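Peer 1: Sequence first, then the predicted structure:
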Amino acid sequence: MNVLYALLVLGVMGAVFGLILAIASKVFAVQTDERLEPITQALPGANCGGCGYTGCAAYAQAIIDGKAEIGLCAAGGNEASHIIADIMGVESAEMERTVALVRCRGYDRQFKGPYDGLQDCVAASKVAGRGPISCKFGCLGFGNCVKACKFGAIDIKDGVAFVDREKCKGCMACAAACPRGLIVPVPYKNEMYVSCASVAAPKISAKVCQNGCIACRKCEKICPVGAVSIQNNLAVIDYTKCESCGLCATVCPRHIIRDVLDHETVEQFKAKLARATELHKREQAMAKAKAAAEQENKN
Amino acid sequence: MNLTSLLSISLGAVLVNNFILVQFLGICPFMGVSKKMDTSIGMGVAVIFVMGLASAATWAINEYLLIPLQLEYMQTVAFILVIASLVQLVEMFLQKMIPALYQALGIYLPLITTNCAVLGVALLNVQNDYSFIESVVHGVMGGVGFLVAICLFASVRERVEDCECPKSFEGFPIALISAGLLALAFMGFSGLKVF
């Protein structure tokens, strides 16, 4: 008899709760937009946060609510924005592909002293005297950007972060992770870039790093379209004007203006740098000899 | 029932008999969602909410259904049924009526439907012969104890994450060890007697 009771009570309880839940699901049904699902599907689903929303689903919701533009997803690129534009029934604008760029090639950067702290860029950048390395602006190399990248496009090469342009989707999650603000978006089609972010006085830049911009203005003078300029002790390329001719890279005495296709190793780079320095010295010596010869002629 | 007994129940639930670190109930979310401070706070708040509600609902079921029908031996099964459907109901209700809270609790609410800490609080209420108010206080304070434990643990884990530790201990093993040490520390409360 008792068993029957137990069966009955639990059965009835289960049935009642089931009924209540069934009714509740009707009463409390939340209207979701039917476009939400396909738009979320069209997005890459990496939840990188590059669009400024917490994830792909949140961005899809923002598009439906009319709060966000369609072309904000850098990772999905044109493909995603076309699909979403189709779903939303609007024209999509072509967007230019941008990739992340680390503005530092300071291979020979020096540690001021032994650093035993956390292996983390933010922690290291908080150390007294603006971080443990000699350059206040340079890459610390602990790889916060590597951890931030959802696409595995960044590596630490020879102590400095390096972005693989082919893998990079331009979400700029790495830029947010970099305490030094070294990572900036650049147009994919452009081939020249400045691999330094030091705005220190030229003398200091020259002292702390072999690959620092010394604001010599050679690049500014040679650029045929006026795209390169020195701003705040640092060469800056205006990508709206730059035609990727590469002249600036050939004259740069510190080899910091580079070609993106130039995947040289540190050794190659150092050899190139040594050649340039040698050339520079020879030029100077020749100028001196010439001046001395002229002096003698006068005498 | 008076204020002192409520106070000692609360103190007991938060510190002396902390659900996680002393009674070892609800370890799954404790290990699972304690990687970051903000998620663990979300989890803790959800647990407070559900444990309070579950205490109230199971007390009523026990008092008005199981005891009159002499079905006390069915407590565990009945309580699981009640808690699971209650949480489902609350989730639907929140999604419709208070979307902000629903967003905040997020996925944690369904995660704790069958959490053993929640079932544990319901069974402990019965074992200790708590009145309705005492049960609810025990439930809410048990949740607060959960929040305290998971927040402490999350802050420990956040720090451990950035430290160098032997390769074989990286990740989960070191987390288990730190959980053990935290539980040891909480044993210090076992002699605590205020009243």
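Peer 2: Thanks, I have it.
Peer 1: tell me which parts of chain B are close to chain A?
Peer 2: Contact residues (C-beta under 8 Å from any C-beta of the partner chain) of chain B with chain A: B:61, B:65-66, B:69-71, B:74, B:77-78, B:81-82, B:85, B:88-89, B:92-93, B:95-97, B:162-164. Heads up, the C-betas are built off the backbone N, CA and C, glycines and all.
Peer 1: So which bits of stretch A:160-169 are buried?
Peer 2: Residues of stretch A:160-169 classed as buried: A:160-163, A:165, A:168-169 (neighbour count, 16 or more other C-beta atoms under 10 Å in any protein chain shown).
Peer 1: now do stretch A:253-262
Peer 2: A:254-258, A:260.
Peer 1: do the same with stretch A:20-27
Peer 2: Buried-residue list, stretch A:20-27, by 16+ other C-beta under 10 Å: A:21, A:24.
Peer 1: Quick one: mean pLDDT for that stretch?
Peer 2: Per-region confidence: stretch A:20-27 scores 87 on mean pLDDT.
Peer 1: mind checking how far that stretch is from the chain centre?
Peer 2: Distance of stretch A:20-27 from its chain centroid, counting by C-alpha atoms, centre = their mean, to the nearest Å, is 49 Å.
Peer 1: near chain B, anything from that stretch?
Peer 2: Yes - judged by C-beta under 8 Å from any C-beta, stretch A:20-27 and chain B are in contact via A:20-21, A:24-25, A:27.
Peer 1: quick one: buried residues of the one helix or strand A:Ala100 maps to?
Peer 2: Using DSSP states H and E, the secondary-structure element containing A:Ala100 is strand A:98-102. Buried positions in strand A:98-102, judged by neighbour count with 16+ other C-beta under 10 Å: A:98-102.
Peer 1: Also within reach of chain B: list those from the residues you listed.
Peer 2: Of the buried residues of strand A:98-102, not one also sits near chain B (C-beta under 8 Å from any C-beta).
Peer 1: which one of the residues you listed is nearest A:Tyr5?
Peer 2: A:Ala100 (68.8 Å; C-beta to C-beta).
Peer 1: Quick check: A:Met192 vs A:Cys223, distance?
Peer 2: 10 Å (C-beta to C-beta, to the nearest Å).
Peer 1: How is chain A divided into domains?
Peer 2: What automatic domain parsing lists as the domains of chain A is A:36-88, A:96-185, A:190-299.
Peer 1: And the spatially most central residue of chain A, what's its pLDDT?
Peer 2: Centroid-nearest residue in chain A: A:Ala100, 3.1 Å away (criterion: C-alpha atoms, centre = their mean). Predicted confidence (pLDDT) for A:Ala100: 88.
Peer 1: Next, residue 135: phi, psi?
Peer 2: Picked chain A for this. phi -100, psi 130 (degrees, to the nearest 10).
Peer 1: my guess is it contacts A:Gln210, does it?
Peer 2: No - contact criterion C-beta atoms under 8 Å: A:Cys135 and A:Gln210 do not qualify, at 10.6 Å.
Peer 1: For those two, indicate the residue with more neighbours.
Peer 2: A:Cys135 (25 against 18; other C-beta atoms under 10 Å in any protein chain shown).
Peer 1: Poorly predicted segments of chain B, please.
Peer 2: B:1, B:104-107, B:114, B:193-195 (pLDDT under 70).
Peer 1: now with 90?
Peer 2: B:1-47, B:49-50, B:65-78, B:80-119, B:128-129, B:158-172, B:186-195 (pLDDT under 90).
Peer 1: Spatially nearest residue to residue 156, not counting backbone neighbours?
Peer 2: Because you didn't say which chain, this covers chain A. Counting by C-beta to C-beta, 6 or more residues apart in numbering or on different chains, A:Ile156 lies nearest to A:Gly143, which is 5.1 Å off, once chain neighbours are set aside.
Peer 1: not quite, I wanted chain B
Peer 2: Per C-beta to C-beta, 6+ apart, closest to B:Val156 is B:Ser178, 5.1 Å.
Peer 1: How about residues contacting whichever strand or helix holds that neighbour?
Peer 2: For B:Ser178, the element it lies in under DSSP H and E is helix B:172-186. The contact list for helix B:172-186, computed with C-beta atoms under 8 Å, 6 or more residues apart in numbering or on different chains, reads B:15, B:18, B:20-22, B:24, B:30-31, B:34, B:149, B:152-153, B:156-157, B:160, B:165, B:169.
Peer 1: Find out how far the lengthiest helix in chain A is from the centre of the chain, if you would.
Peer 2: Ranked by number of residues, the top helix in chain A under DSSP state H is helix A:266-298. In terms of C-alpha atoms, centre = their mean, the centre of helix A:266-298 is found 37 Å from the chain centre.
Peer 1: still on that earlier bit, quick one: which of the contacts of helix B:172-186 sit in helices?
Peer 2: Those of the contacts of helix B:172-186 lying in helices (DSSP H): B:30-31, B:149, B:152-153, B:156-157, B:160.
Peer 1: Figure out the helix or strand that whatever residue of the stretch 101-250 of chain A ends up closest to chain B lives in.
Peer 2: As assessed by C-beta to the nearest C-beta, chain B sits closest to A:Leu118 within the stretch 101-250 of chain A, at 4.6 Å. Per DSSP H and E: A:Leu118 is located in neither a helix nor a strand.
Peer 1: if we can go back for a sec, tally of neighbours for the residue nearest to B:Val156?
Peer 2: 17.
Peer 1: how close does it get to chain A?
Peer 2: Using C-beta to the nearest C-beta, to the nearest Å, B:Ser178 is found at 17 Å from chain A.
Peer 1: tell me the contacts of the spatially most central residue of chain B?
Peer 2: Taking C-alpha atoms, centre = their mean as the criterion, B:Gly143 is the residue nearest the geometric centre of chain B, at 4.3 Å. Contact analysis of B:Gly143 by C-beta under 8 Å, 6+ apart lists B:44, B:47-52.
Peer 1: Can you lay out those residues as a markdown table showing neighbour count?
Peer 2: A markdown table is the format used below for the contacts of B:Gly143 (neighbours: other C-beta atoms under 10 Å in any protein chain shown):
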| residue | neighbour count |
| --- | --- |
| B:Gly44 | 24 |
| B:Val47 | 32 |
| B:Ile48 | 19 |
| B:Phe49 | 21 |
| B:Val50 | 27 |
| B:Met51 | 31 |
| B:Gly52 | 21 |
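Peer 1: Secondary structure added to those residues, as CSV?
Peer 2: Below are the contacts of B:Gly143 laid out as CSV (DSSP: H, G, I helix; E, B strand; the rest coil):
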residue, secondary structure
B:Gly44, helix
B:Val47, helix
B:Ile48, helix
B:Phe49, helix
B:Val50, helix
B:Met51, helix
B:Gly52, helix
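Peer 1: out of the residues you listed, who's nearest A:Gly246?
Peer 2: Among the contacts of B:Gly143, and counting by C-beta to C-beta, the member closest to A:Gly246 is B:Gly44, at 57.9 Å.
Peer 1: I figured that closest one was touching B:Ile150, is that so?
Peer 2: Yes - look at B:Gly44 against B:Ile150 with C-beta under 8 Å: they come within range, at 5.2 Å.
Peer 1: tell me, what's touching A:Met192 and A:Cys223 both at once?
Peer 2: A:Cys248.
Peer 1: List the contacts of B:Val121.
Peer 2: Residues counted as contacts of B:Val121 (C-beta under 8 Å, 6+ apart) are B:19, B:51, B:54-55, B:138-139, B:142.
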